[in-house]
Each structure stands twice: as C-alpha cells, then as structure tokens.
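Q: Starting from these lines, generate the structure:
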Amino acid sequence: MSDFTNQVAFVTGAGSGIGRATALAFAKQSARVVVAEINEVNGQETVRQIQQVGAEALFVRCDVADPAQIESAIRQTIKTFDRLDIAVNNAGIGGKYGRITEQTPEDFGQVMAVNVGGVFYGMQAQIRQMLFQQAVDKEKADNPMAGGKIVNVSSIAGVRGMPMGAPYSAAKHAVIGLTKTAALEYVRQNIRINAVCPVYTHSTMVDELISTAPGMEERMRRMIPMGRFGQPEEIAQTILWLCSAENTFCTGQAIQLDGGMTAG
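A: Below is the predicted model:
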C-alpha cells in the first residue's frame, strides 16, 4: 500500500464505521487526516485514535447537508494543513425503514439532503480546492499523485433495488451518477473520482436496520454469498487503493464490495 506522507485526507462521517476505519487507515500510512463529523464526541475519539498511531489529525464539526458547513470545513483544512489531496465523502444516514407509500416527504428529503447533498456539496468544495492547487503549482499538474483523489461512498443499494428503503436506494444510485459525471468533467484536470458500493458492513447504521425486526440479521446475512457482513477495514483498504500511487488509471467507477451478492 502506498505511503501517503505529506498528503492531506479529508473524511466525512469519520466518527464511526467505514469513516473511522478509513481515517485510521490513511493515518497508518502517514497521511494527515481531517475528521469531518457531526457528532463531536465520536469525531474527537477518532482523532484520539489517529494520534495514538503517531499521525496528525484535525476535527471539524460538519453537517454535510449544509453547503456552508462543508465550505467552512475545507477552509479549516487549508488553514491547518495548507492543502487537500484526498477526499472521502462517506457521511450518510439510513432513513426510515418502510414501503414507498409509508415514506413521508420529510423522510425522503432528509435522506437526500445528507446522502446526496453531502456528496454534491462536498465535491464542489473539494474539486475547487484541488483545481486551485494545480493552478498554483503547475509543475506538478502532470503528476498522477498531484491532481487529487475523491472517493464517494455509495452502497450495494446504489446498484440494485432495496425494498423498504426507497429513499436510501435512490440516494445511493444518485451518488454513483454524481461520481461518474464529476469524473468525466475533471478527468483532464487529473482529478480521479470513484465510488465504493459496500454490502451490509458492521456499523451503527446496519445495527439500526437489524433492530427493525426479529431475525433481520440472519435474513441479511443469507443474502451475501460469503455468508458474512463486511468489515469497515475491508472497505477502507479499497478506498486507500483508489487513492494510491498504484491506481493511476481508474476513474468514474463504482466498485462493488458485496461478498458476491451481485455476481449471480
């Protein structure tokens, strides 16, 4: 795995689950990490764990549904670390579990605001900063590692239907559309933008889904050919590869990390 020394990684929803695992994985490879999280207690705990492995970290409180807060978080990143090399737009919510006819406009709007708005507003601010850095340092513009890397966290629900979770599935489909579009728009500026699509992965969100009905965990597990849920660290390692020096030709892709679910 690449060494990310002197690179700055900005991770949203980094207070738990895939976000925390990703922040820690970058830190272990010598990146300086910005922990963008709405829950200050969880975010500060991630910072503490990063510091324990000897890396630098900054906590910024950020509600990704608010573009002003994302812009502020990027400004704090630049003020502290002077640059932005990597962004992982991971923050998301599951929404209410129920059929389409049982979902309210508020249910739908909240999921779209966080899961889609957070990626859209995040990429706007991140890409602008990455383009600015290239303009300032033209000598590095052709360096595959200098242009910028963005990974958006979609879901296996972004490539297939998710009964009882229409707003979530719609939002995660939208994340893939945003990823592919942005990747094409900025491919010549050497900004690589990809998405990952995890299946059920151990996290607070999955625990909440499991709690909705007796036997839910076993039913979810049976859907995965490998017979188990994903681990946050497994998703994090794929994200690191997408941002690494080993990957210089992959952009606009939605990598499915699903234990074989979509293979059949």
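Q: Leaving out the residues flanking it, which one is nearest to A55?
A: A27 (3.7 Å; C-beta to C-beta, 6 or more residues apart in numbering). No exception for glycine: its C-beta is placed from N, CA and C like everyone else's.
Q: Next: T5.
A: Leaving aside its chain neighbours, T5 sits nearest to S30 (4.2 Å; criterion: C-beta to C-beta, 6+ apart).
Q: Just the pLDDT for the one you found.
A: Per-residue confidence (pLDDT) for S30: 97.
Q: In stretch 90-108, which residues are buried?
A: Within stretch 90-108, the residues that count as buried by 16 or more other C-beta atoms under 10 Å are 90-97, 103, 108.
Q: for the residue nearest to T5, helix, strand, or coil?
A: What DSSP: H, G, I helix; E, B strand; the rest coil gives for S30 is coil.
Q: Contact partners for it?
A: When contacts are counted by C-beta atoms under 8 Å, 6 or more residues apart in numbering, S30 touches 3-6, 55.
Q: Select from the residues you listed the one having the most neighbours.
A: F4 (25 neighbours; other C-beta atoms under 10 Å).
Q: show me where the protein has helices.
A: All helices of the chain, identified by DSSP state H, fall at 17-28, 40-52, 67-81, 105-115, 117-136, 166-186, 204-210, 216-222, 232-242.
Q: just the angle between the second one and helix 17-28, please?
A: Using axes from the mean of the first three to the mean of the last three C-alpha atoms, to 10 degrees, the inter-axis angle of helix 40-52 relative to helix 17-28 is 30 degrees.
Q: helices or strands up against helix 40-52?
A: In this structure, helix 40-52 packs against helix 17-28, strand 32-37, strand 57-61, with contacts taken as 3 or more C-beta pairs under 8 Å, 6 or more residues apart in numbering; DSSP states H and E.
Q: circling back: any idea which of the helices of the chain is most buried?
A: Highest mean neighbour count among the helices of the chain (mean count of other C-beta atoms under 10 Å): helix 17-28, with a mean of 26.
Q: outside of that one, which residues touch it?
A: Outside helix 17-28, the residues that touch it by C-beta under 8 Å, 6+ apart are 4, 9, 11-14, 33, 35, 37, 42, 46, 49-50, 53, 55, 57, 86, 88, 90-91, 153, 198, 201-205, 231-233, 235-237, 239-240.
Q: That helix to strand 57-61, inter-axis angle?
A: Using the same axes, to 10 degrees, helix 17-28 lies at 150 degrees relative to strand 57-61.
Q: CA-only coordinates of helix 17-28 in PDB, if you can.
A: Listed next in PDB are the C-alpha coordinates belonging to helix 17-28 (Å, rounded to 0.1, in the frame of the first residue of the first chain):
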ATOM      1  CA  GLY A  17     -17.900   2.700  10.900                       C
ATOM      2  CA  ILE A  18     -16.300   2.900   7.500                       C
ATOM      3  CA  GLY A  19     -15.500   6.600   8.000                       C
ATOM      4  CA  ARG A  20     -13.400   5.900  11.100                       C
ATOM      5  CA  ALA A  21     -11.800   2.900   9.600                       C
ATOM      6  CA  THR A  22     -10.800   4.900   6.500                       C
ATOM      7  CA  ALA A  23      -9.400   7.800   8.600                       C
ATOM      8  CA  LEU A  24      -7.300   5.400  10.600                       C
ATOM      9  CA  ALA A  25      -6.100   3.600   7.600                       C
ATOM     10  CA  PHE A  26      -4.900   6.800   6.000                       C
ATOM     11  CA  ALA A  27      -3.200   7.800   9.300                       C
ATOM     12  CA  LYS A  28      -1.400   4.500   9.500                       C
END
